[in-house]
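Student: for reference, the sequence and a predicted model appear below.
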Amino acid sequence: MSPLSRREFVAAGAAAGAGLVVGFYLPHKLSPRNGGVFSPNAYLRITPDNKVTIVVARSEMGQGVRTALPMILAEELEADWKQIEIEQAGASTLFGDQTTGGSASIRTTWDPMRKAGAAAREMLISAAALTWSVPRSTCAAENSRIKHAASGRSLSYGELVGKAATLPIPTDVPLKQSKDYKIVGQRLPRVDSPSKVKGEAIFGIDFRIPGMKFALLSRCPVIGGKVASFDDKESKKISGVSYVGKISDSAVAVVADSVWSAMEGRRVLNVTWDDGPNKDLNTAAVMASLKQAASKKGPSLFLAGEPTKAAGRRISAEYELPFMAHAPMEPGNCTAYYQGTKCELWAPTQIPQDCRDSVAPAIGLDPDQVKVNVTLMGGGFGRRLEHDYAVEAALVSKAINAPVKVIWTREDDMRFSTYRPASLHQLSATVDGSGFPVALTHRIISPSISGQKGQPTPGNVDPDLPDEAGPVYGLPNYSVEYVMSETPVPLGWMRSVYALQAAFALESFIDELAVSEGKDPLQYRLHLLAKDQDLQYFTTTWHTARMRAVLQLAAEKAGWDKPLAAGHYRGVACFGSFASYMAEVVEITMENGEPRVHHVVAVVDCGQVVNPSILEQQIQGGIVYALGNALRAKITIEKGRVVQGNFDDYAPVRMNETPVVEVYAVPSTEVPTGIGEPSVPPLAPALCNAIYAATKKRIRALPILNS
């Protein structure tokens, strides 16, 4: 069959309910031209020398997909894991949407990878049965071999590829039950760790090709500003500088033989800027716009009962969150080589297809004339869902007719990025005589990332909200409402996106309710989750029983009912996002008026766990990332400019501030759900609830240390 376009793929998947399975089968012919390779689908190749290669269609940015995804296919293939080789896919139409984000890598490729491995396994079994002229039922796959127990014969997969490739590809293949898994669920070492430890791994910023130049761009410091004019006399005096030119309305490129020369050339470049309409924009105005928007009625995201008609005592609170920057350790970069009728990119990107589709029109090519190679990434957190750096690299390469690497400095990455949107949250509850809420209303006021980017927002609802702001408790009267505001500040998806914001507000408020009624915050939540209920939220059904289970296990592992050491305090929070359930207990002390986090217990229910070690690493990393966000992360705007520029004024968590993080997963055979982001949302409210326990001061705005 012909490769599907992304649009065709999505349309077919929506129509047939087949998801990512629709387009992964390839013609599987053996010929001298392809070296006798057996490739029954886009994910797998087996050669006569028994080399098994699994293709990974998602981007590796530290989350472990180059290990976890092949484990799924290898499990169904009954492969010898020690023989597996991994290949990174570039932008392609063969795999459906290759976006790496939304904690979707495992949950959306679980079935396609299983079916890909199972289909190949069944073809190899059939090939062996035909070779031996025995009933197919007497053959079994094991450890990259097909065995015939009755005769003791066996053949390697490599020996069977010729015959297997002549067989039809099965479409309805038996899949293994979880009790029979040998690879999935094991703590296999990550395949990319050795090369990283030895310094051999190639990240985007490491990539080199012969004749390559280096470029830095001078960008307008005011949001939305443009280049009025520039004087390059001083820049061209710098040794190694070979080109200075405007490549977009808002940027001038300086190209040189080295990064240092390009930096020096940019430093002395004289640019006159047209500051545009945002030259007076500041943070106060942004937050004022949110409060103004709050007066509007927004569409309902979730509604149970009639919250406005509930009788009882009313309690209300407002919470604020600032703009935040992704700040991955590896700043933006991309290598491009434009050659007239084609262009090749080497990009640390989370979204290779969109990268290709944005670059092509910018340089006057068709998408199939642009090849995107995906490199390793030194962190992503959503920043590499943008492709500005790739477009810049392609434009500069075309301008100089040579390969070039565009590099962003740390300050570039901080000040010319996209940002998690600021938001305002208005919560109110009506409590009954026993002190529990009979009604709760949560209003989320925030600009829409997708809306700002010109994407559809059906019914004025940001399309990310169905995955990130759902109900947690089965209250009889419960409303979640979204009011879309606008801002000129460029927005981008950042790890957990709206879920961090919704969780901070909701779980802080639930704690406020518990304290106001003199009740234990944990028991208060368990009471609200006591009844088994299914809460339908868009296409997801949230189960209170699963949320209750993670909360109970977190409390048990943290010793919630046991006394703490003197001066130690705890807070708890739970939340559901990306179809996973998460609960966290944070233990702190207060030192010189600031919290010091000593211990975090995190419990997740994310369905079947593919690799427990990677799960632990993901959650530990998410909690450390969330801790830095909660303590200090805040992007402010003055005179239309981003103020923060480096890790001195946008400081991450240091090693000596990092707590012990215990991770537990509720055993499950359910379909895997998200894991990269669900650990982030509960951290901030659990921490702030612990701070209240220590100080009796309620924090309603982040970050904690400079709000």
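Tutor: Cool, the structure landed. Numbering: from 1, shown residues only.
Student: distance check, Val483 against Ser39.
Tutor: Computed as CB to CB, to the nearest Å, the Val483 to Ser39 distance reads 51 Å. Bear in mind the C-beta positions are built from the backbone N, C-alpha and C, glycine included.
Student: Gly298: how many residues sit nearby?
Tutor: Neighbours of Gly298 under the rule other CB atoms under 10 Å: 19.
Student: next: Phe230.
Tutor: Neighbours of Phe230 under the rule other CB under 10 Å: 16.
Student: kindly report the same for Lys557.
Tutor: Neighbour number of Lys557 under other CB under 10 Å is 16.
Student: and if you look at the one 10 residues further on?
Tutor: Taking other CB under 10 Å as the neighbour definition, Gly567 ends up with a count of 10.
Student: longest helix in the chain, by residue count?
Tutor: Assignment by DSSP state H gives helix 105-132 as the longest helix of the chain.
Student: same question for whichever helix or strand comes after that one, mean pLDDT?
Tutor: Sequence order places strand 139-142 as the next helix or strand after helix 105-132, per DSSP states H and E. Averaged over strand 139-142, pLDDT sits at 98.
Student: report all helices and strands that strand 139-142 contacts.
Tutor: Under the contact definition 3 or more CB pairs under 8 Å, 6 or more residues apart in numbering; DSSP states H and E, strand 139-142 sits against helix 105-132, strand 145-148.
Student: mind putting those into JSON lines with mean pLDDT?
Tutor: Formatted as JSON lines, these follow (pLDDT from 0 to 100):
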{"stretch": "helix 105-132", "mean pLDDT": "97"}
{"stretch": "strand 145-148", "mean pLDDT": "98"}
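Student: looking at those, which is nearest to Ala469?
Tutor: Checking the helices and strands packed on strand 139-142 against Ala469 by CB to CB gives helix 105-132 as the closest, at 18.2 Å.
Student: one step back: closest to Arg187 out of the helices and strands packed on strand 139-142?
Tutor: helix 105-132 (16.1 Å).
Student: now do the closest one: distance to the chain's middle.
Tutor: Relative to its chain's centre, helix 105-132 lies at 28 Å (CA atoms, centre = their mean, to the nearest Å).
Student: ok, stretch 244-260 next?
Tutor: Centroid separation for stretch 244-260 versus its chain: 31 Å, with CA atoms, centre = their mean.
Student: ok, and for it, which residues are buried?
Tutor: Using 16 or more other CB atoms under 10 Å as the test for burial, stretch 244-260 gives Val244, Lys246, Ile247, Ser248, Ser250, Ala251, Val252, Ala253, Val254, Val255, Ala256, Val259.
Student: the fourth one against Ala394, yeah?
Tutor: No - taking CB atoms under 8 Å as the definition, Ser248 is not a contact partner of Ala394, at 11.5 Å.
Student: show me the strands in the stretch 501-650 of the chain, by range?
Tutor: 534-537, 540-543, 569-577, 580-591, 594-605, 637-638, 641-642 (DSSP state E, counting those that start in this stretch).
Student: tell me the most buried of those strands?
Tutor: The highest mean neighbour count among those, using mean count of other CB atoms under 10 Å, belongs to strand 569-577: a mean of 27.
Student: okay, now the sheet partners of that one, with direction.
Tutor: Strand 569-577 pairs in its sheet with strand 580-591 (antiparallel), by DSSP bridges.
Student: can you check what angle separates the strand it pairs with from strand 594-605?
Tutor: Put simply, strand 580-591 runs at 160 degrees to strand 594-605, going by axes from the mean of the first three to the mean of the last three CA atoms, to 10 degrees.
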